[in-house]
Every structure is written in structure tokens, then in C-alpha cells.
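Peer 1: fold the following for me, if possible:
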Amino acid sequence: MKKLNSYKIDWNLVSSGLGLPISSTIEMFNDGRILGRLGEFLHADSNQGKREKENSSFDVKETNKIRSEIRTITNNVSFASSKEIGFGRKVTESGFASKLDSLDRYLLIDKRKILSGDISMIEVTKDDLLSLSLGKNKTISSKKFFEIYDRNK
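Peer 2: Next up is the predicted model:
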């Protein structure tokens, strides 16, 4: 696991552009779904990649053909296929294996410093997943993830 890119968000500029107070703007972007989408655009732009269609098995294909899946670290991090997450769905070993076959790496958005506008991307390779002790649903708590990541950087 390693830090790849860092980005600085100017909350004054963003909140002004949206016509929202800074606190509301930060609250909106602090949502994992919204920040994840922003991360796709940031990563594609900074790596001359191409965002894939919404239901693709990965998010960004880079010019060097690396297929990256972008996820935001919220209370936990899920590495399961999006098709297997949600009410009435079940995470399966075959679905997880299929997800891993469809991509080269995960890029996790570290938003611990989002209040100051700082976010970064952490690369998690398939080999890194072996050391994470994922739960049955292929998740790990953010606390446990950051303990491992911060200890090894």
C-alpha cells in the first residue's frame, strides 16, 4: 500500500461556485459516494486516464492500461463487487474473485484531512488485500485499515 496522489480542494472557491455555505459544501463532499465520483475524475485527469461507463467493472483505465477501482474510505472500506453490496444482496467468493479479475488495483480516497481540503489516494494492490484480513463481506473498518496503513508507510 502506498500513497499515490494528493489533491487540494479550495472550499472557498467550490462553495462560492455552488452557492452554498462552506460547511454545507464540505458536508456534501464528505459523502463517500460523491467523493468517490470526484476521485474518479481527479484520478483520470491526473493520470491521462479514461473514466469507464457507470456499470463497468472498474472506474478508470489509464494510458498504461492499468484498471483502477476508486473507493472512498468511510467507516469501512468494501472491496466487494458493487453488484453484491446493498439490501437483499450477498457478497460471494466467486463475485469477489470476479471483481479482482476485472481490475489491477484499488485506489482508496483518504479523507481524514478533508476539512482543510486535503485528500489523497492510496493504492491497494491485489497482493495488499491478502494482508488486510478482510471480513466475510470483503470489508475492513477504516480504523483497522489506517492502523495497518499508517504503521507501514
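Peer 1: buried ones in the lengthiest helix in the chain?
Peer 2: Counting by DSSP state H, the longest helix found in the chain is helix 32-46. The neighbour-count check on helix 32-46 (16 or more other Cβ atoms under 10 Å) flags 32, 35-40, 42-44 as buried. Just so you know, the C-beta spots here come from the backbone N, C-alpha and C atoms, and that holds for glycine as well.
Peer 1: so which one among the residues you listed has the lowest pLDDT?
Peer 2: Among the buried residues of helix 32-46, residue 32 carries the weakest pLDDT, at 91.
Peer 1: need the contact list for that residue.
Peer 2: 72-74 (Cβ atoms under 8 Å, 6 or more residues apart in numbering).
Peer 1: would you state the helices of the protein in chain order?
Peer 2: 11-18, 22-29, 32-46, 93-101, 126-130, 142-152.
Peer 1: residue 5: which of those helices is closest?
Peer 2: Among the helices of the chain, helix 32-46 comes nearest to residue 5, with 5.8 Å by Cβ to Cβ.
Peer 1: quick one, that closest one and helix 22-29 angle?
Peer 2: 80 degrees (axes from the mean of the first three to the mean of the last three Cα atoms, to 10 degrees).
Peer 1: residue 49 and residue 92, how far apart?
Peer 2: Here residue 49 is placed at a distance of 29 Å from residue 92 (Cβ to Cβ, to the nearest Å).
Peer 1: could you give the bridge partners of the residue nearest the centre of the chain?
Peer 2: Computing the C-alpha centroid of the chain and ranking residues by Cα atoms, centre = their mean puts residue 71 first, at 1.9 Å. Here residue 71 sits in beta bridges with residue 108, as judged by DSSP bridges.
Peer 1: residues in contact with it?
Peer 2: Per Cβ under 8 Å, 6+ apart, neighbours of residue 71: 36, 77-79, 106-109.
Peer 1: could I get the contacts of residue 32 as CSV with distance to residue 123, pLDDT and neighbour count?
Peer 2: Output for the contacts of residue 32, formatted as CSV (distance: Cβ to Cβ, whole Å; pLDDT from 0 to 100; neighbours: other Cβ atoms under 10 Å):
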residue, distance to residue 123, pLDDT, neighbour count
72, 15, 96, 21
73, 13, 96, 21
74, 18, 94, 16
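Peer 1: nearest to residue 145 among those residues?
Peer 2: Distance ranking of the contacts of residue 32 against residue 145, using Cβ to Cβ, places residue 73 first at 6.6 Å.
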